[in-house]
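A.B. asks: What follows is a predicted structure for the sequence shown.
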Amino acid sequence: MDIERPLSANERIKAASNLLRGTIADGLTVAETGALADDDTQLTKFHGFYQQDDRDLRAERGKQRMEKAFSFMVRMRVPGGIVTPAQWLAIETLARERANGTIRLTTRETVQFHGILKGNLRPLMQGLDAVALDTIAACGDVNRNVIATVAPWQPHLQTAIATLARDLSAHLLPRTRAWHEIWLGEEKIAGGAVEDEPILGRTYLPRKFKIAIALPPYNDVDVFAHDLGLIAIVEQGEILGYNVVVGGGMGMTHGEPDTYPRIGDTIGFCKAADAIDVAEKIVTVQRDHGDRSNRKHARLKYTIDDMGLDRFVALVNDRLTVKLAPAKAFAFTSTGDRAGWAESPDGTSHMTVFIENGRIQGKAMAGLHAIAVLGTGRFIMTANQNLVLADIPPADRPRIESLLAEYGLDRPVSGLRRHAMACVALPTCGLALAESERYLPDLVTRLEDELDRFGLRDANITIRMTGCPNGCARPYVSEIGLVGRTPGIYNLYLGGAHEGVRLNKLYRRDLDGDAIVAALSPLFALYATHRASGEHFGDFAIRTDIVQATTAGLNFHDNLPAGVEG
Ligand code: SRM
Ligand code: SF4
């Protein structure tokens with residue numbers, strides 16, 4: 001029997017917010033502070049932005065008794081990650097004029113702007129709206145940006161899944177007009193008409209909710225790391241429907257074994273036409289049964305583990321007109337992005353541009369500007385923080401090739417670097433315990449030297465770093481995972497599957513950079529000499545007992561190597 005527990009503070013804030021309005025609009029006019037009211041900083045997430053402060057400056061400003069260096073991070077909603085060159089140019093202008101001059105591609109196929117001062121929030125939102133972009137529900141207790149496999153070289157299938165991503169995002173979007181009122185100055189609803197939230201409910205979801213759509217053989221979206229994953233099943237060149245995966249998630253807290261990353265469970269198959277209904281019913285089961293007391297226990301993964309998968313599936317099927325059918329067979333080969341150029345049967349070409357940790361600035365920004373000005377093709381952001389220049393007609397390809405070369409956007413990188421991801425972390429992320437984006441490139445350089453010693457420069461090994469255990473770069477499904485503990489110190493995880501179908505396992509605690517290199521170098525040596533043909537590093541780590549396989553979120557913290565427990 002459920003024990004009544006008090007609702008979390010966020011539930012109170014949502015309930016009192018008048019459908020996400022709070023006092024945000026008033027707070028924008030207060031010139032004495034660069035910040036917003038505390039409760040409003042929870043509500044702004046639903047509008048797609050976070051209040052932050054520059055952590056590099058925190059101590060110094062504290063000493064001088066100055067207010068923290070407040071600024072805001074704004075995240076766009078771009079289902080499927082697709083923008084036009086004209087939209088790209090607008091994003092770039094806004095980054096330069098209203099933010100810190102950089103564009104940050106995220107692990108969820110969108111853009112974050114950093115360093116926005118309070119007075120620049122409205123102009124930025126209006127600038128996005130002017131090119132048909134928005135930030136609605138990019139953060140907060142709602143369905144987030146829906147991501148989808150990036151495979152423009154299969155145009156017919158890519159269009160189908162990108163359309164589903166857009167439709168899902170629109171269907172599950174909050175219905176409140178708060179965003180339009182506050183940021184665009186839209187008239188308040190006249191005549192006392194009552195807005196409602198028929199799907200999400202007036203206090204929205206208990207926690208964030210994330211959807212990914214994968215198109216085998218590519219698991220470039222890490223479909224098993226999502227609250228809801230849809231895996232396209234293709235027969236005779238058409239998408240028949242989707243396998244449905246539920247309860248994936250990455251976040252955990254150091255030292256709290258009740259929190260854990262989890263790989264989603266496959267619960268069945270639905271026809272393509274039913275996918276939106278299936279998503280809606282899964283969302284509403286989570287809305288009604290998710291934990292609204294403890295936010296660390298509120299994601300769908302815990303709802304499922306608490307009630308049991310069978311009961312969860314029964315609840316979903318009860319709400320569905322067309323019940324889930326048995327799942328169908330499929331296979332994944334990788335989680336990474338393709339390298340370089342690919343061609344479609346219709347003659348168009350697609351170039352995957354490697355963007356280290358998604359940060360675009362300086363020469364890379366100038367190069368992408370020069371390409372966008374040509375107005376050809378589309379820009380597609382990937383869930384691996386890269387950018388695909390898609391649908392380039394044959395006549396435009398030579399010009400783009402020369403621009404890529406001129407701006408260094410086609411430089412070859414090692415297998416490790418190409419499969420590396422780091423979260424933002426310092427200086428903007430308020431939750432960071434250690435560096436990530438600013439540190440991983442140097443660490444990869446050191447690891448490349450080790451890989452070179454063993455002839456492994458081209459080995460495709462996934463490595464992901466986060467500055468804290470929340471898992472924003474999905475480190476727990478990588479072959480090498482590094483998770484920040486304190487400044488300069490990381491836990492090292494091994495044994496994730498290259499295809500993103502298995503969690504990794506803690507291998508060593510509390511390592512600094514030297515210790516990380518010292519721990520991995522002998523394993524690279526063993527891998528070079530003892531791997532089976534085609535065997536990936538993560539599978540090798542399991543087969544050779546370097547770590548035990550993690551078979552479910554609930555045993556992520558079990559069976560650790562000797563000396564690592566406790
Ligand atoms: Fe994340 C919180 C950045 C993808 C799990 N994430 C944050 C915040 C907003 C910090 C905060 O709450 O104050 C970070 C802002 C940093 C900054 O300064 O910009 C942040 N998360 C990011 C991004 C930008 C990482 C990146 O380098 O690309 C990604 C933006 C995605 C997007 O465009 O929507 C990002 N975050 C993820 C992912 C990966 C994914 O979704 O595929 C995860 C793990 C998957 C999952 O959700 O389980 C993730 N972020 C979290 C969590 C832990 C959630 C949990 O269930 O425990 C937090 C903290 C929280 O929610 O309390 C968090
Ligand atoms: Fe911040 Fe932690 Fe997410 Fe990195 S993983 S961006 S440090 S919340």
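C.D. replies: Ah, there it is. Ligands and ions are numbered 1, 2, ... in the order given.

A.B. asks: So which bits of the stretch 401-550 of the chain are right by ligand 2?
C.D. replies: Contact residues, the stretch 401-550 of the chain versus ligand 2 (CB under 6 Å from any ligand atom): 423-425, 429, 431-432, 436, 466-468, 470-472. No exception for glycine: its C-beta is placed from N, CA and C like everyone else's.

A.B. asks: Can I get those in CSV including pLDDT and secondary structure?
C.D. replies: Shown next, in CSV, are these (pLDDT from 0 to 100; DSSP: H, G, I helix; E, B strand; the rest coil):
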residue, pLDDT, secondary structure
Cys423, 98, coil
Val424, 98, coil
Ala425, 98, coil
Cys429, 98, coil
Leu431, 98, coil
Ala432, 98, coil
Ser436, 98, coil
Thr466, 98, strand
Gly467, 98, coil
Cys468, 98, coil
Asn470, 98, coil
Gly471, 98, coil
Cys472, 98, coil
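
A.B. asks: which one among the residues you listed gets closest to Leu404?
C.D. replies: Val424 (25.7 Å; CB to CB).

A.B. asks: Now do the same for the strand or helix carrying Trp341: mean pLDDT, whole number.
C.D. replies: Element membership of Trp341 [criterion: DSSP states H and E] is strand 340-343. Averaged across strand 340-343, pLDDT comes to 96.

A.B. asks: Going by neighbour count, list what's buried in that strand.
C.D. replies: By 16 or more other CB atoms under 10 Å, the buried positions in strand 340-343 come out as 341-342.

A.B. asks: Can you list the strands that it pairs with?
C.D. replies: As defined by DSSP bridges, the strand partners of strand 340-343 come to strand 349-353 (antiparallel).

A.B. asks: those helices in the stretch 151-300 of the chain, which residues are they?
C.D. replies: Here the stretch 151-300 of the chain has its helices, by DSSP state H, counting those that start in this stretch, at 155-171, 178-184, 275-289, 300-307.

A.B. asks: Quick one, which of those helices gets closest to Gly81.
C.D. replies: helix 155-171 (8.4 Å).

A.B. asks: now for that closest one, which elements pack on it?
C.D. replies: Under the contact criterion of 3 or more CB pairs under 8 Å, 6 or more residues apart in numbering; DSSP states H and E, helix 155-171 touches strand 147-148, strand 211-214, strand 228-235, strand 238-246, helix 275-289.

A.B. asks: same thing but at 6 Å, please
C.D. replies: The helices and strands touching helix 155-171, judged by 3 or more CB pairs under 6 Å, 6 or more residues apart in numbering; DSSP states H and E, are strand 147-148, strand 211-214, helix 275-289.

A.B. asks: tell me the angle of the last one relative to strand 238-246?
C.D. replies: If you take axes from the mean of the first three to the mean of the last three CA atoms, to 10 degrees, helix 275-289 sits at 10 degrees to strand 238-246.

A.B. asks: What average pLDDT does helix 275-289 get?
C.D. replies: Mean predicted lDDT for helix 275-289 stands at 98.

A.B. asks: is ligand 1 contacted by it?
C.D. replies: No. Judged by CB under 6 Å from any ligand atom, helix 275-289 stays clear of ligand 1, getting no closer than 12.6 Å.

A.B. asks: can you give me the offset of stretch 55-74 from its chain's centre?
C.D. replies: Offset of stretch 55-74 from its chain centre (CA atoms, centre = their mean, to the nearest Å): 27 Å.

A.B. asks: Please point out which parts of that stretch sit buried.
C.D. replies: 55, 68-69, 71-74.

A.B. asks: Then stretch 423-434?
C.D. replies: Those would be 423-429, 432-434, for stretch 423-434 by 16+ other CB under 10 Å.

A.B. asks: What parts of the stretch 301-450 of the chain come near ligand 1?
C.D. replies: 358, 423-424, 428-431.

A.B. asks: Check the residues you listed and tell me the two furthest apart.
C.D. replies: Gly358 and Gly430 (19.0 Å).

A.B. asks: Is any residue of stretch 140-160 near ligand 2?
C.D. replies: No. In terms of CB under 6 Å from any ligand atom, no part of stretch 140-160 sits within range of ligand 2; the closest distance is 13.6 Å.

A.B. asks: pLDDT of that stretch, averaged?
C.D. replies: 97.

A.B. asks: same thing with stretch 174-186?
C.D. replies: Stretch 174-186 shows a mean pLDDT of 97.

A.B. asks: about what we covered before: and which of the residues of the stretch 401-550 of the chain next to ligand 2 is nearest to Gly513?
C.D. replies: Taking these together and measuring to Gly513 by CB to CB, the closest member is Ser436, at 12.8 Å.

A.B. asks: ok, now how distant is the closest one from Thr44?
C.D. replies: Applying CB to CB, to the nearest Å, the value for Ser436 to Thr44 is 24 Å.

A.B. asks: Alpha carbons of the strand holding Trp341, as CSV, please.
C.D. replies: C-alpha atoms of strand 340-343 as CSV (Å, rounded to 0.1, in the frame of the first residue of the first chain):
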residue,chain,number,x,y,z
GLY,A,340,33.0,11.9,-43.6
TRP,A,341,30.8,12.0,-46.7
ALA,A,342,28.0,9.6,-47.5
GLU,A,343,25.8,9.5,-50.6
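
A.B. asks: The closest residue to Val483 other than its chain neighbours: which element?
C.D. replies: The spatially closest residue to Val483, leaving aside those adjacent along the chain, is Asn491, at 4.9 Å (CB to CB, 6 or more residues apart in numbering). Secondary structure assignment for Asn491, by DSSP H and E: strand 489-494.

A.B. asks: closest to Ala16 out of the helices and strands packed on helix 155-171?
C.D. replies: Going by CB to CB, the one of the helices and strands packed on helix 155-171 nearest Ala16 is helix 275-289, 18.8 Å.

A.B. asks: what sits against the residue of the chain found nearest ligand 1?
C.D. replies: The minimum distance from the chain to ligand 1, using CB to the nearest ligand atom, falls at Gly251 (1.9 Å). If you count contacts by CB atoms under 6 Å, 6 or more residues apart in numbering, Gly251 has them with 470-471.

A.B. asks: And it, how close does it get to Pro427?
C.D. replies: Taking CB to CB, one finds Gly251 at 21 Å from Pro427.

A.B. asks: go on, Asn357?
C.D. replies: On the measure of CB to CB, Asn357 and Pro427 end up 14 Å apart.

A.B. asks: cool, and Pro217?
C.D. replies: Using CB to CB, Pro217 is found at 38 Å from Pro427.

A.B. asks: Can you spell out which helices and strands pack onto the strand holding Asn491?
C.D. replies: strand 480-486, strand 505-511.

A.B. asks: which one of these is the most hemmed in?
C.D. replies: Most buried of the helices and strands packed on strand 489-494, by mean neighbour count (mean count of other CB atoms under 10 Å): strand 480-486, with a mean of 24.

A.B. asks: Using CSV, list the CA coordinates for the worst-scoring helix or strand of the chain on mean pLDDT.
C.D. replies: Within the chain, no helix or strand scores below helix 58-63, which has a mean of 94 by mean pLDDT, DSSP states H and E. Coordinates of each C-alpha in helix 58-63 appear next as CSV, following Å, rounded to 0.1, in the frame of the first residue of the first chain:
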residue,chain,number,x,y,z
ARG,A,58,32.3,32.7,-7.9
ALA,A,59,35.1,32.7,-5.3
GLU,A,60,36.5,36.1,-6.3
ARG,A,61,33.1,37.8,-6.5
GLY,A,62,32.2,36.2,-3.1
LYS,A,63,35.4,37.7,-1.6
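
A.B. asks: hmm, who's touching it?
C.D. replies: Applying CB under 6 Å, 6+ apart, helix 58-63 turns out to have no external contacts.

A.B. asks: No further questions, thank you.
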